[in-house]
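Asker: No letters, just coordinates:
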């Protein structure tokens, strides 16, 4: 009986530690970089993207982080932005070992994302996310990416992330498509691109998270064993 009680106590402690260790960790963490000259925050694409993604990931907890960078009109702050994006992902990945990531950006924020995942651009240099963390990055989403101006895309430039990318460049957008319609560059939140991107990103996350049974299985096993122990002890004590 003493062994049974001790074993139950151990399981209860293990369960408590698991819950406490992950109490501030979400299932999915979105890291998004706003476009040039936008006010600090997720921006005109990031805000609705996170909202729509959360709706599409029913059953999963979703948190977000707005990349902390200047987003200057000169387009020269993408490098420091990539460093902030990278550092944040590394810190959260270490603190929350079960959390997976959706990364992305709009306009210059897309360049931030390019650099962070290891794509060379003329818009700057910054720290890149370690390849060891690539499996935990489930989707990479960009809107109006200047990389397109050089005949490249993330899909064509990154073997590591090409299967996880969701990219949008509006017809006529001068920032990504050599277009002549400046208004096209601000249409992503209203033309269905953001909603579509969220649906596609959610599909990628769902597909990959649904294969992650061991995490939930372990927690479930601990809970069941605690319940069985409590029942067993109650039966033994009566």
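Answerer: Looks like it came in fine. The structure displayed is predicted, hence computed values, not measured ones. Numbers count the residues shown, from 1 in each chain.

Asker: going forward, measure contacts between C-alpha atoms and count neighbours the same way
Answerer: OK.

Asker: In contact with residue 100: list those residues for me.
Answerer: 27, 28, 29, 93, 136, 137, 138 (C-alpha atoms under 8 Å, 6 or more residues apart in numbering).

Asker: The last one falls within a helix, correct?
Answerer: No. Assessed by DSSP: H, G, I helix; E, B strand; the rest coil, residue 138 does not belong to a helix; its assignment is strand.

Asker: For the contacts of residue 100, work out which two are farthest apart.
Answerer: 93 and 138 (13.1 Å; C-alpha to C-alpha).

Asker: So for those two, which sits in the more crowded spot?
Answerer: residue 138 (24 against 18; other C-alpha atoms under 10 Å).

Asker: Next one: the more buried one, what pLDDT does it get?
Answerer: Per-residue pLDDT puts residue 138 at 98.

Asker: Contacts only, for it.
Answerer: 100, 101, 102, 164, 201, 204, 205, 208.

Asker: Just the buried ones among those, please.
Answerer: 100, 101, 102, 164, 201, 204, 205 (16 or more other C-alpha atoms under 10 Å).

Asker: Sort out for me which of those residues are in helices.
Answerer: Residues from these lying in helices, with DSSP state H as the criterion: 201, 204, 205.

Asker: pretty sure the last one contacts residue 139?
Answerer: Yes. The pair formed by residue 205 and residue 139 meets the contact definition of C-alpha atoms under 8 Å, at 7.0 Å.

Asker: any low-confidence regions in the protein?
Answerer: 1-23, 209-238 (pLDDT under 70).

Asker: can you give me the helices in it?
Answerer: 2-21, 43-56, 78-95, 108-116, 154-157, 193-209, 213-237.

Asker: what sits up against the second one?
Answerer: So that's helix 43-56. 30, 32-35, 60-62, 64, 105-106, 143, 188-189, 194-195, 197-199, 201-202.

Asker: mind listing what's buried in that helix?
Answerer: So, applying 16+ other C-alpha under 10 Å, buried residues of helix 43-56: 43, 44, 45, 46, 47, 48, 49, 50, 52, 53, 54, 56.

Asker: Looking at those, which is nearest residue 148?
Answerer: residue 45 (18.3 Å).

Asker: Kindly provide the distance from that closest one to residue 137.
Answerer: 20 Å (C-alpha to C-alpha, to the nearest Å).

Asker: Would you check how far apart the nearest residue to residue 153 once chain neighbours are set aside and residue 186 are?
Answerer: Leaving aside its chain neighbours, residue 153 sits nearest to residue 147 (6.1 Å; criterion: C-alpha to C-alpha, 6 or more residues apart in numbering). Residue 147 sits 17 Å away from residue 186, going by C-alpha to C-alpha.

Asker: same question, residue 77
Answerer: From residue 77 to residue 186 the distance is 20 Å (C-alpha to C-alpha).

Asker: Neighbour count: the two, which is higher?
Answerer: residue 77 (22 against 17).

Asker: That one contacts residue 70, correct?
Answerer: Yes. Between residue 77 and residue 70 there is a contact under C-alpha under 8 Å: 6.0 Å.

Asker: Can you mark which positions in stretch 117-128 are buried?
Answerer: 117, 118, 119, 121, 123, 124, 125, 126, 127, 128.
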